[in-house]
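Participant: Need coordinates for the following:
(chains A and B)
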Amino acid sequence: MSLLELENVTLKFGGLTAVDNLSFSVEQGEVFAIVGPNGAGKSTVFNLISRFYTPVNGKIRFDGHDLLKEKASSVANFGVARTFQNIELFEHATVLENLLVGRHRHRGSNFLTELFFTPSVRKQELQNRHFVEEVIDFLDLQAYREKRIAGLPYGVRKVVEVARALATDPKLLLLDEPASGLSVEETTDMRWWIDEIRRQMGITVLMVEHDMGLVSGVSDRVLAMADGARLALGTPSEVQSDPAVIEAYLGKAS
Amino acid sequence: MRIIFKTDYMQDLRPWKDGYQLSLYLILIALAVAAPFLIDVFFLGELTNVLIWALAGLGLMVLTGHTGQASLGHAAFLAMGCYANIILMEAGVPFMLAFPLAGIITGIVGMIVAIPALRLHGIYLAIATLAMSILVDDIIVLTDHWTGGVGGKFAPPVNVFGFMIDRWGTPTAFYYLTLGVTILVTLGYINLLRAPLGRSFIAVRDSEVSAQAMGIDVSRSKAISFGVSCAITGLAGALMGLFAGAFNNETFSVVISIQLLMMIVIGGLGSIHGAFFGAIVIGFLPQFLSISKEWVGALFGGSNVAIPGLEFGIFGVILIVFILFEPMGIYGRWLKIRTWFELFPFYRKDMFKRQKSYLKTERLR
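Facilitator: Residues are numbered from 1 along each chain as shown, chains lettered A, B, ... in the order given. Here you go, the predicted model:
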């Protein structure tokens, strides 16, 4: 059984069909990339999986659960973490606090135990702090631990967002354009990290990305989309040489 | 500059950074405990007033400063706490039980109010809560059977472990009662902030979309924040009623709500310190004005006639000055001064500059 399955998913905004009868599945342990021209509906697919949008019809299953029955805030509890295209960090909190928010789904305490900060809460917070430190170590964020997000450069914010998603200890990581706006060196780092996330942590990665170098470098399978529909699905080289994909990007030869 | 080397995760978990900071706070508490022996009865009363305002400010800080939900209706919850406390006491419930109950009742009412208010953002929420503040005024008049209506009520002396505490008879004891409640609430607040719940408040304030993606139930967090905020405000209201001695429907007017909001903005949104700094300004400003008026009168030979609206005029000016020049409030200014000394001579002017955030995803609202 696949980890994530989308079956005939359609989403309409008024008269506009954002996602058109889309089906694909992501297998456990792979890096799956979605590519496509602007407005193809790639980020919309992410927002559907995150349950920010509800499709008109179709099914979304994750790890045996029907996600469409769940609230947006429960999706993370099944082990789906995500980053956003336009960085959505907690601006006025430090990097450490941002990552600790990622631990929220492992909260075992309640209002009263937290009010008195009982030994069990203390133990839980120490464990959270330890887990977060491992993520910091993995993504080389030690220098920024105590810094507020508002003062951080763009490239670091991008990494902090990945770190916050990893702090949730997910099964599936959704990366929405992880390399957009990054320098060549930062993109190389990101590529290495995505590889490590899959190999070392065993986390399945689903990403939307425009940088074809990054896509063909790390992903096992690529889905090309245009106008909300599936154009091609296969290995990076297969998709890149697919005539329908070339046509969507470059137009038809006259 | 003090550099703290961290070798243990507990250093991040403790509310204080190091022994130096802890000792500063202990000195502050010791000074507060010694205050009745250091200052006269009049100023002790003023200090009690400041502490009560600080407590109310802490209540609003939970909601506005940490969860980012503006409220112009917190006077309503002050009133609720005050009346709940007195009505319970008149029904024979001892103060030690009636007081926390007043907080809990106000908290529960706050949560119920929050349910329809959750769908509102920003200015619309402020308007809804403002309506709440006006409504409570009318409800107090309409239910005069319990509340005494326009005629108001008088606060009885309270019994704490056999000590009779009365604001006028035993001002020192009343001061200690207020100080104790304020310290306990502050400690609870600190605990919440370093636990998942407090972090979820901050997450909701800064980005609802990503809070949701992290598994935080945004409406639940907001409702709990409303509850905690109103409970603290209710406790402050109960103390305020006892402090005032007599109160009616006009004691907790909309003006008080606005003053509360102004107070935490001046003090510094999003910090516990801010509530205390703001309370000091709000609490001591009237006294400062009357003293300086005498002084100005003596200097220029003017008379001591009261100028109507002077206090609010000055409040307004202070608020405008803060919003223009120091949006982070007194606490923010204090942080800057401290950093300047700590980093001397390396302080940069734009160190605390807020970065404009572009490309914020507002579409999902």
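Participant: Need the residue closest to the centroid of chain A.
Facilitator: Centroid-nearest residue in chain A: residue A:174, 1.6 Å away (criterion: C-alpha atoms, centre = their mean).
Participant: That residue in helix, strand or coil?
Facilitator: strand (DSSP: H, G, I helix; E, B strand; the rest coil).
Participant: Would you quantify the distance from it to chain B?
Facilitator: 9 Å (C-beta to the nearest C-beta, to the nearest Å). (Glycine included, C-beta is placed from N, CA and C.)
Participant: what are the bridge partners for that residue, then?
Facilitator: residue A:82, residue A:206 (DSSP bridges).
Participant: Show me where the stretch 251-365 of chain B has its strands.
Facilitator: With strands called from DSSP state E, counting those that start in this stretch, the stretch 251-365 of chain B shows none.
Participant: same question but for the stretch 51-200 of chain A, I mixed them up
Facilitator: Taking DSSP E, counting those that start in this stretch as the test, the strands found in the stretch 51-200 of chain A are A:57-62, A:65-66, A:80-82, A:172-176.
Participant: Tabulate those strands (a markdown table), appending mean pLDDT.
Facilitator: Formatted as a markdown table, the strands of the stretch 51-200 of chain A follow (pLDDT from 0 to 100):
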| stretch | mean pLDDT |
| --- | --- |
| strand A:57-62 | 94 |
| strand A:65-66 | 92 |
| strand A:80-82 | 95 |
| strand A:172-176 | 96 |
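Participant: what's the spacing between stretch B:181-192 and its chain's center?
Facilitator: Centroid separation for stretch B:181-192 versus its chain: 12 Å, with C-alpha atoms, centre = their mean, to the nearest Å.
Participant: Next: stretch A:72-83.
Facilitator: With C-alpha atoms, centre = their mean, you get 10 Å for stretch A:72-83.
Participant: buried residues in it?
Facilitator: A:72, A:73, A:74, A:75, A:76, A:78, A:79, A:80, A:81, A:82, A:83 (16 or more other C-beta atoms under 10 Å in any protein chain shown).
Participant: For it, measure first residue to last.
Facilitator: End-to-end distance for stretch A:72-83, by C-alpha to C-alpha, to the nearest Å: 15 Å.
Participant: Show residues contacting it.
Facilitator: Contact with stretch A:72-83 is made by A:46, A:49-52, A:62-63, A:65, A:67, A:70, A:102, A:104-105, A:158, A:161-162, A:164-166, A:168-176, A:178, B:212-218, as judged by C-beta atoms under 8 Å, 6 or more residues apart in numbering or on different chains.
Participant: Would you mind giving me the ChimeraX syntax to select the buried ones in those residues?
Facilitator: Here is the ChimeraX command that selects the buried residues among those (16+ other C-beta under 10 Å):
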select /A:46,49,50,51,52,62,63,65,67,102,104,105,158,161,162,164,165,166,168,169,170,171,172,173,174,175,176,178 /B:212,213,214,215,216,217,218
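Participant: is it true that residue A:214 touches residue A:192?
Facilitator: No. Between residue A:214 and residue A:192 there is no contact under C-beta atoms under 8 Å: 10.5 Å.
Participant: who has more neighbours, the two?
Facilitator: Comparing residue A:214 with residue A:192 by other C-beta atoms under 10 Å in any protein chain shown, the one with more neighbours is residue A:214, at 21 against 12.
Participant: residue in the stretch 1-150 of chain A nearest to chain B?
Facilitator: Ranking the residues of the stretch 1-150 of chain A by distance to chain B (C-beta to the nearest C-beta) places residue A:76 first, at 3.2 Å.
Participant: Endpoints of stretch A:163-171, how far apart?
Facilitator: 14 Å.
Participant: I meant stretch A:175-188, not that one.
Facilitator: 16 Å.
Participant: do you know how far the closest residue to residue B:258 other than its chain neighbours is from chain A?
Facilitator: Of all residues not flanking residue B:258 in the chain, residue B:72 sits nearest, at 6.5 Å (C-beta to C-beta, 6 or more residues apart in numbering or on different chains). Taking C-beta to the nearest C-beta as the measure, residue B:72 falls 22 Å from chain A.
Participant: got the buried residues for stretch B:248-261?
Facilitator: B:248, B:249, B:251, B:252, B:253, B:254, B:256, B:257, B:258, B:259, B:260, B:261.
Participant: what about that stretch, how long is it end to end?
Facilitator: First residue to last in stretch B:248-261 (C-alpha to C-alpha) measures 22 Å.
Participant: which outside residues touch it?
Facilitator: B:53, B:56-57, B:60, B:64, B:70-76, B:78-79, B:82, B:129-130, B:133-134, B:136-138, B:140-141, B:147-153, B:237, B:241, B:244, B:282, B:315.
Participant: and that stretch, average pLDDT?
Facilitator: Throughout stretch B:248-261, pLDDT has a mean value of 89.
Participant: to the chain's geometric centre, what's the distance from it?
Facilitator: With C-alpha atoms, centre = their mean, you get 13 Å for stretch B:248-261.
Participant: show me what contacts the closest residue to chain A within the stretch 151-300 of chain B?
Facilitator: At 3.2 Å from chain A, residue B:215 is the closest residue in the stretch 151-300 of chain B, using C-beta to the nearest C-beta. Counting by C-beta under 8 Å, 6+ apart, residue B:215 makes contact with A:73, A:74, A:75, A:76, A:77, A:104, A:105, A:168.
Participant: can you pull the contacts of the residue nearest to the centre of chain A?
Facilitator: A:46, A:49, A:50, A:80, A:81, A:82, A:83, A:165, A:206, A:207.
Participant: Show me what the helix or strand in which residue B:229 is found is packed up against.
Facilitator: Element membership of residue B:229 [criterion: DSSP states H and E] is helix B:218-244. With contacts defined as 3 or more C-beta pairs under 8 Å, 6 or more residues apart in numbering or on different chains; DSSP states H and E, helix B:218-244 has these neighbours: helix B:41-60, helix B:74-90, helix B:95-117, helix B:171-193, helix B:196-206, helix B:208-213.
Participant: The next helix or strand after it pairs with which strands?
Facilitator: Going down the chain from helix B:218-244, the next helix or strand is strand B:246-247, by DSSP H and E. Here strand B:246-247 is paired, per DSSP bridges, with strand B:153-154 (antiparallel).
Participant: ok, residues contacting the helix or strand that contains residue A:45?
Facilitator: Assigned by DSSP H and E, residue A:45 belongs to helix A:42-49. Helix A:42-49 is contacted from outside by A:4, A:6, A:9, A:11, A:18-19, A:22, A:34-36, A:53-55, A:60, A:62, A:67, A:75, A:80, A:82, A:85, A:174, A:176, A:206, A:208, A:225, A:228, B:364, using C-beta under 8 Å, 6+ apart.
Participant: And those residues, which of them are buried?
Facilitator: A:4, A:6, A:9, A:11, A:18-19, A:22, A:34-36, A:53, A:55, A:60, A:62, A:67, A:75, A:80, A:82, A:85, A:174, A:176, A:206, A:208, A:225, A:228.
Participant: Return the subset of those lying in helices.
Facilitator: residue A:75 (DSSP state H).
Participant: Would you mind listing where the stretch 151-254 of chain A has pLDDT under the threshold?
Facilitator: A:253-254 (pLDDT under 70).
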